[in-house]
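Chemist: Here is my input, please return the structure:
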Amino acid sequence: MNFNKNDLTIRKLRELNGDMGEVISDEISPLSVWYAGIQNIQLLNLDDGDVAKLIRQNLILEFAIPESIRRLNQLPTAGKIYVGELMNSFNHIKCEFWTRNVICTKESCEFFKRLKSHPLLVHFQWELEEEKQDYFSDLKKMISTLEEVLKRIGG
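Modeler: Numbering: from 1, shown residues only. Here you go, the predicted structure:
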């Protein structure tokens, strides 16, 4: 199959992952309303907050992670709700995912190590020192988690 994943909607990406179920929008659950609402949108067209939410919810990670890394490489502080939201969302990925996806784990770990010295981060004007400390603390936590997983699985 020859296709560009960026041309595919969230629904199609879910189907590629074997998830053929219908997404039900339950008005009581804002998360289910959100998820149902993005099904016909291409991953590339989601905003940073939506991509961060996909990752926090551990949804279509095989596609959301590379897209997030692409965005973070362009803008390491990407986020909709707060500075660094997209990077911080990686701290919500379950260890089981990282353990099952060694190549993704290695590539993500190397990316986050490089991200620490990204030119845009080095020269970024933080509004608050606490914001900067939180960002780098979250980044350090992500790197530590990935290194721990790689050490455990011998990767």
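Chemist: Return the set of buried residues in stretch 43-61.
Modeler: 43, 46, 48-56, 59-61 (16 or more other C-beta atoms under 10 Å). Yep, even glycine has a C-beta here, placed from its N, CA and C like the rest.
Chemist: residues in contact with Val149?
Modeler: Val149 is in contact with Cys95, Trp98, Thr99, Thr105, Gly155, counting by C-beta atoms under 8 Å, 6 or more residues apart in numbering.
Chemist: of those, buried ones?
Modeler: Trp98, Thr105.
Chemist: of the buried residues of stretch 43-61, closest to Tyr35?
Modeler: Leu59 (7.5 Å; C-beta to C-beta).
Chemist: helix/strand/coil for the closest one?
Modeler: Per DSSP: H, G, I helix; E, B strand; the rest coil, the secondary structure class of Leu59 is coil.
Chemist: what sits against it?
Modeler: Per C-beta under 8 Å, 6+ apart, neighbours of Leu59: Tyr35.
Chemist: hmm, 10 Å instead?
Modeler: Ile10, Leu13, Arg14, Asn17, Asp19, Tyr35, Ile38, Lys53 (C-beta atoms under 10 Å, 6 or more residues apart in numbering).
Chemist: Angles on the backbone of the closest residue to the last one other than its chain neighbours, please.
Modeler: The spatially closest residue to Lys53, leaving aside those adjacent along the chain, is Trp34, at 7.0 Å (C-beta to C-beta, 6 or more residues apart in numbering). In terms of degrees, to the nearest 10, the main-chain angles of Trp34 are phi -60, psi -50.
Chemist: Next, count neighbours for Trp34.
Modeler: Residues lying near Trp34 (other C-beta atoms under 10 Å) number 14.
Chemist: Quickly note the distance from it to Ile41.
Modeler: 11 Å (C-beta to C-beta, to the nearest Å).
Chemist: any common contacting residues for these two?
Modeler: By C-beta under 10 Å, 6+ apart, Trp34 and Ile41 have these common neighbours: Asp50.
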